[in-house]
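>>> Could you look at this predicted model? Sequence included:
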Amino acid sequence: MNKPSKNINPQKEVTWYLAVRRLDLWIASPDREPYQPDSIWVYNLDLGLVQAVKVTQPSPEPAEILDLFLQAMEEPPPSIQAPPHHPTRLYLEDAVLFPILKPIADAYHIEISHHPQPDAIDEVVDEMARHLSEKADEALPGLLSQEGVTPPLIRDLFKAAAQFYLAAPWNLLNNFQTLGIQVLPDPHTYVVLILGYAGMEYGLNIFQSWEEFEVFNSQASGVEEKLPADGLLVMYFDDASYLPPADLKDIKRYRWQVINKQNYPIPLILNSAGLMKRPDRQDIHLLETVLWAIPPFLAEHLKPDQQGDYHPVQATISIVTQEGKKEISITYPAGKLSHKDLPSSPLDWESETGLADEGGFSGIVDRRAMEGMWGFFGDKFEGQDQNRAQELMYKAWDEQNPAKRLILAHQALSISPDCADAYVLLAEEEADTYEEALGLYQEGVRAGERALGKTYFQENEGHFWGLLITRPYMRARTGLAGTLRALGQLDEAIVHYREMLRLNPMDNQGNRYLLLLMLMELNLGKEADALLKEHQEDWSAEWTYTRALRLFQEHGQSKISDQALTEALDQNPHVPSYLLGQKRIPHQPPPGIILGDESEAINYSAAYLAVWRKTPGSLDWLKTKLN
């Protein structure tokens, strides 16, 4: 307990009033349920001024109340215009406060009594709550602030949101698999993108047209620039800290349905100006309709095609909303992308691309440039032009100016069309779409095959990558496989990854990790088992947790699968938190990955969350092992 300074003097015939009041305001944070804070008040009745005030957690501790009273004595506010002092009388609004204040009152000979006097402080308490609410609502108003939006309307929206969340449609559809939705008899088709497949952000986006979705799907600019000018209607599920206080208050007041403290429904409209608005009555009706219609459609009509996708389908769903019965036509897929933007540069264990801002310096050294410093260790291409072209490419990898890198790549090809690395750089930095990148990588693979020759492949199988002149070819083939995967041509991508592992069983590029993930995504369990066995010395989370999952898929919860899961948990205990949704997978990947670290858990969970979700009972099994 704090003790007051000795230089505190009494002021004659001064009466203070102390009260603890619950504020008409809701506070939210990610780690707890929303709550109404308390406020502690020390009020100077003679001057009609606040001597001290503090907003605190509900039911503050006695020590906190006493500390504020001592602060009022030692540090009077400027408005009081007085040195440190204490009152002659202290009125307590609540008799429960009496034993807390009595020791200090006795020490300073302050008369203390229980004296309810709410009129003296009601106005200032209400004014503070009003001020805090208005300040918090400046950024985002409550749902009921929109004209025509009523409590029953939001009640039914939240009901629809709850059943949508419990149906977990993100277990089935990824960020490229869209639904076309018509509210009959209106012929207009909305494009709906479901979020949550990667475990980062849960909810859905509703686009007014396929063209809007294509722009949003592109990587040509930042997220805000890709949003429709008229706004994008979205529904997110997140913790209460993202809700305005008005919504928190209304949720408690009207008892709207909420899943849990981590997943409040948050309907918004986002626009290209970077502003957020609340949906109007018409938008809310559309949201409710879509939320009710999607789960039965997915459950009854979506059928896997055994190629990592679903058969195209159209069906009509009957639902009942607040507006009454509706007929909803849903089509999968909503459309086919006319283009897909170029994926980020494929990185491997021995190669890291650090690109500069235009005309600037990134500060990151491209490891490919270092190969030129090693001088091939005497290992050269047979053709002199090929060696000259490759030397230019080492300069290109070392060049920080993007335009100059492209110039060097084209110069290299003008010297030798067999320069695989030139095609790799052009695919990474000049191509605008996946299709353009695919063509360049294919040319790079053919160039690498010509540069090395058939005999070289036969004589050096199993030693690729260890021989530096094979690396341009291996880089081109890795880029080709990754682009095929991005385009959904998984069978072809698998062929290339297998071939690279045959040429380089040591797998310096880490191709086995992408291959294993694709095999699991395509339910090719036996082939995944063979790959796991080929690299059984690998003790990464990708290997240990996937091995445990495969044993569970084959044997259910058994001694052998339990043992494998125990080994995985020993290797990295952080993974379950992300697979079970106790922690959200962050939007940005960790800057580096350390075995056994949380960074590795994030990396594994982002890749394999959907695979675990699609294995019936696997997450419940994982949960039992933690208890």
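Received the coordinates, thanks.
>>> now stretch 252-269: mean pLDDT?
Across stretch 252-269, the average pLDDT comes to 91.
>>> and that stretch, how far from the chain's centre?
19 Å (Cα atoms, centre = their mean, to the nearest Å).
>>> Name the SS class of Asp186, please.
At Asp186 the chain is in coil, as set by DSSP: H, G, I helix; E, B strand; the rest coil.
>>> Can you name the residues that contact it?
By Cβ atoms under 8 Å, 6 or more residues apart in numbering, no residues touch Asp186. Just so you know, the C-beta spots here come from the backbone N, C-alpha and C atoms, and that holds for glycine as well.
>>> Quick check: it vs Lys559, distance?
From Asp186 across to Lys559, the span is 58 Å (Cβ to Cβ, to the nearest Å).
>>> Asn44 too?
In terms of Cβ to Cβ, Asn44 sits 73 Å off from Lys559.
>>> any idea how far Leu579 is from the residue most central in space within the chain?
In the chain, the centroid-proximal residue (Cα atoms, centre = their mean) is Met200; its distance is 2.9 Å. Separation of Met200 from Leu579 (Cβ to Cβ): 13 Å.
>>> mind listing the helices for the stretch 251-400 of the chain?
281-301, 367-374, 384-398 (DSSP state H, counting those that start in this stretch).
>>> by contact count, what packs against the longest one?
It refers to helix 281-301. Helix 281-301 sits against helix 151-167, strand 179-183, strand 190-195, strand 202-207, strand 232-238, strand 264-270, strand 313-321, strand 324-332, with contacts defined as 3 or more Cβ pairs under 8 Å, 6 or more residues apart in numbering; DSSP states H and E.
>>> Let's have the ones you listed in JSON lines, adding distance to Asn603 and mean neighbour count.
Compiled in JSON lines, these are given as follows (distance: least, Cβ to Cβ, whole Å; neighbours: other Cβ atoms under 10 Å):
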{"stretch": "helix 151-167", "distance to Asn603": "26", "mean neighbour count": "19"}
{"stretch": "strand 179-183", "distance to Asn603": "30", "mean neighbour count": "20"}
{"stretch": "strand 190-195", "distance to Asn603": "20", "mean neighbour count": "22"}
{"stretch": "strand 202-207", "distance to Asn603": "20", "mean neighbour count": "22"}
{"stretch": "strand 232-238", "distance to Asn603": "23", "mean neighbour count": "21"}
{"stretch": "strand 264-270", "distance to Asn603": "28", "mean neighbour count": "22"}
{"stretch": "strand 313-321", "distance to Asn603": "34", "mean neighbour count": "15"}
{"stretch": "strand 324-332", "distance to Asn603": "30", "mean neighbour count": "16"}
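>>> Quick one: closest of these to Phe552.
Closest to Phe552 of these, according to Cβ to Cβ: helix 151-167, at 23.6 Å.
>>> quick one: which of the helices of the stretch 251-400 of the chain is nearest Leu522?
Among the helices of the stretch 251-400 of the chain, helix 281-301 sits nearest to Leu522 (Cβ to Cβ), with 20.0 Å.
>>> what about that closest one, distance to the chain center?
Averaging C-alpha positions (Cα atoms, centre = their mean) puts helix 281-301 23 Å from its chain's average.
>>> ok, now stretch 203-212?
The answer for stretch 203-212 is 19 Å, by Cα atoms, centre = their mean.
>>> Grab the CA positions of it and hand them over as CSV.
The C-alpha trace of stretch 203-212 is given here as CSV (Å, rounded to 0.1, in the frame of the first residue of the first chain):
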residue,chain,number,x,y,z
GLY,A,203,-15.1,-15.1,-43.8
LEU,A,204,-16.2,-14.3,-47.4
ASN,A,205,-16.0,-11.5,-50.0
ILE,A,206,-18.9,-10.8,-52.3
PHE,A,207,-18.0,-9.3,-55.7
GLN,A,208,-20.5,-7.6,-58.0
SER,A,209,-19.0,-9.2,-61.1
TRP,A,210,-16.4,-11.7,-62.3
GLU,A,211,-14.3,-8.7,-63.6
GLU,A,212,-14.1,-7.3,-60.1
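>>> can you list contacts of it?
Residues contacting stretch 203-212 (Cβ under 8 Å, 6+ apart): 164, 180, 189-196, 213, 216, 228, 230, 232-237, 266, 286-287, 290-291, 294, 334-335.
>>> Next: stretch 325-339.
Residues beyond stretch 325-339 that count as contacts (Cβ under 8 Å, 6+ apart) turn out to be 176-184, 189, 191-192, 210, 213-214, 217-218, 289, 293-294, 297, 301-302, 310, 312-320, 432-435.
>>> Pop the domain breakdown of this protein in here.
9-137, 143-332, 348-527, 539-627 (automatic domain parsing).
>>> Can I get the ones you listed in CSV including distance to Lys533?
CSV is the format used below for the domains of the chain (distance: least, Cβ to Cβ, whole Å):
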stretch, distance to Lys533
domain 9-137, 42
domain 143-332, 23
domain 348-527, 11
domain 539-627, 9
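>>> Mean neighbour count for the helices of the stretch 251-400 of the chain - can I get that in a markdown table?
Formatted as a markdown table, these follow (neighbours: other Cβ atoms under 10 Å):
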| stretch | mean neighbour count |
| --- | --- |
| helix 281-301 | 20 |
| helix 367-374 | 16 |
| helix 384-398 | 20 |
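>>> Which of the ones you listed has the lowest mean pLDDT?
helix 367-374 (a mean of 60).
>>> And for Asp620, the neighbour number?
10 (other Cβ atoms under 10 Å).
>>> Report pLDDT for it.
The model's pLDDT for Asp620 equals 94.
>>> Likewise for Arg32?
With respect to pLDDT, Arg32 scores 68.
>>> Please report how far Arg471 lies from Leu549.
In this structure, Arg471 and Leu549 are 33 Å apart, going by Cβ to Cβ.
>>> now swap in Phe237 and tell me
26 Å.
>>> Could you do Ala431 as well?
Counting by Cβ to Cβ, the gap from Ala431 to Leu549 is 36 Å.
>>> cool, and Asn511?
20 Å.
>>> And for Gly324?
Gly324 is 45 Å from Leu549, by Cβ to Cβ.
>>> Now Trp539: closest residue in space, sequence neighbours ignored.
Spatially, and ignoring its direct neighbours in sequence, Trp539 is nearest to Gln571 (5.8 Å; Cβ to Cβ, 6 or more residues apart in numbering).
>>> Thank you, goodbye.
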